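Q: output the structure for:
(one chain, ligands or ions: 1)
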Amino acid sequence: MNYRHAFHAGNFADVVKHALVCLIVDYLKRKEKPFRVLDSHAGRGFYDLASDEARRTGEYREGIARFLAAPESADPVFAPYREALGPEALADPPLAYPGSPLLVRRLLRRQDRLSAYELHPVDAESLAALFAGDVQVKAIELDGWLALGAHLPPKEKRGLVLVDPPFEKPGEFDRIAAHLAKAQARWAGGIYALWYPIKRLAERDAFLAALAGSGVPDIVAAEFLREAPGPDERFVGTGLAVVNPPFTFEADATRALRLFEGIFGNTGRATSRIERVSPERG
Ligand code: SAM
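A: Next up is the predicted model:
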């Protein structure tokens with residue numbers, strides 16, 4: 001396990017992913033009934049942007065710092081994300097960046113719960129310390145793929161499963177598609193948000209085809225590319241495949257992605273798209 005999210009926290013892909021995830025959590029709050037969020041690859045939850053790791057790559061400068069400096073970030077579609085960012089990230093310049101479990105936690109109501117899984121022992125310890133004493137959060141050092149089997153369905157009838165693996169091992173795309181089919185068989189009513197990087201269009205197309213062929217209905221993918229993929233296979237884009245998307249998702253995500261084209265499109269080559277991957281239940 002070499003991947004450490006501290007090098008990448010708050011980069012453009014985090015901003016896009018987290019803004020979309022916050023829209024989904026915000027939608028779940030429309031009904032009074034409790035919901036559960038399960039975050040299978042949670043990271044450590046909070047990232048100091050003055051750390052060696054963050055400064056070494058400087059990725060947050062082209063991510064959260066650029067986002068907050070852009071007038072488009074005041075658009076109402078980003079309101080749930082801004083609400084979750086907290087004072088350290090909203091400072092000018094941003095001092096720290098919350099990871100997905102902390103962003104989600106900040107949006108929960110008293111009746112909602114979060115289960116966050118992290119396998120790296122150091123990050124799992126930081127995550128547990130971050131949520132120590134918080135009765136609404138369980139931070140667990142466990143293989144997130146196992147949790148998708150053993151911990152589904154939750155006792156709440158509604159909720160979101162975020163799957164955000166590091167893509168450091170070959171086969172991660174196939175693993176997601178296989179685990180989704182099994183998880184969805186255990187909890188068909190849950191919303192699933194599956195993150196994926198875009199380096200090569202052929203790889204992205206094969207992944208979406210695998211999702212389409214998994215038998216899981218009602219999948220929509222939202223993608224943002226800072227530039228077109230090139231022969232060097234650099235990481236140029238970010239995708240989120242959403243199973244059982246809220247009925248508001250396509251319109252909200254379309255709006256957010258268009259705004260991201262302006263915010264992160266300083267190359268003049270940014271594009272985005274919403275793609276239906278599998279049809280709604282018949
Ligand atoms: N979801 C986090 C966020 O948005 O702030 C970032 C997660 S990062 C991309 C992937 C995380 O998965 C890393 O912290 C890594 O240590 C962890 N990880 C790797 N393999 C895992 C596994 N099998 N189960 C749980 N966590 C794992």
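Q: residue of this protein closest to the ligand, please.
A: Using Cβ to the nearest ligand atom, residue 99 is the residue of the chain that sits closest to the ligand, at 2.9 Å. C-beta: built from backbone N, CA, C; applies to glycine.
Q: can you name the residues that contact that residue?
A: Residues near residue 99 by Cβ atoms under 8 Å, 6 or more residues apart in numbering: 5, 9, 42, 43, 44, 45, 46, 47.
Q: next, count neighbours for the fifth one.
A: In other words, residue 44. The tally of other residues near residue 44 (other Cβ atoms under 10 Å) stands at 24.
Q: tell me which helix or strand it sits in.
A: Following DSSP states H and E, one finds residue 44 outside all helices and strands.
Q: for the nearest residue to residue 265 once chain neighbours are set aside, what are its contacts?
A: Computed as Cβ to Cβ, 6 or more residues apart in numbering, the closest residue to residue 265 that is not its neighbour in sequence is residue 226, at 7.2 Å. Neighbour list for residue 226: 12, 236, 237, 264, 265, 267, 269, 270 [criterion: Cβ under 8 Å, 6+ apart].
Q: so what does the third one look like in phi/psi?
A: This means residue 237. phi -150, psi 170 (degrees, to the nearest 10).
Q: now the fifth one
A: For residue 265, the backbone dihedrals (degrees, to the nearest 10) come out as phi -90, psi 40.
Q: distance-wise, check it relative to residue 116.
A: 32 Å (Cβ to Cβ, to the nearest Å).
Q: check the second one too.
A: Distance from residue 236 to residue 116, counting by Cβ to Cβ: 29 Å.
Q: so these two - more neighbours on which side?
A: A direct count of neighbours by other Cβ under 10 Å for residue 236 and residue 116 places residue 116 higher, at 31 against 22.
Q: near the ligand, which residues of the stretch 51-200 of the chain?
A: Within reach of the ligand by Cβ under 6 Å from any ligand atom, the stretch 51-200 of the chain has these residues: 99-100, 117-120, 123, 143-145, 164-166.
Q: sorry, back to before: by pLDDT, rank the contacts of residue 99 and give me the bottom one.
A: Ranked by pLDDT, those bottom out at residue 5, which has 91.
Q: not counting sequence-adjacent ones, nearest residue to that residue?
A: That would be residue 43: by Cβ to Cβ, 6+ apart, it lies 4.3 Å from residue 5.
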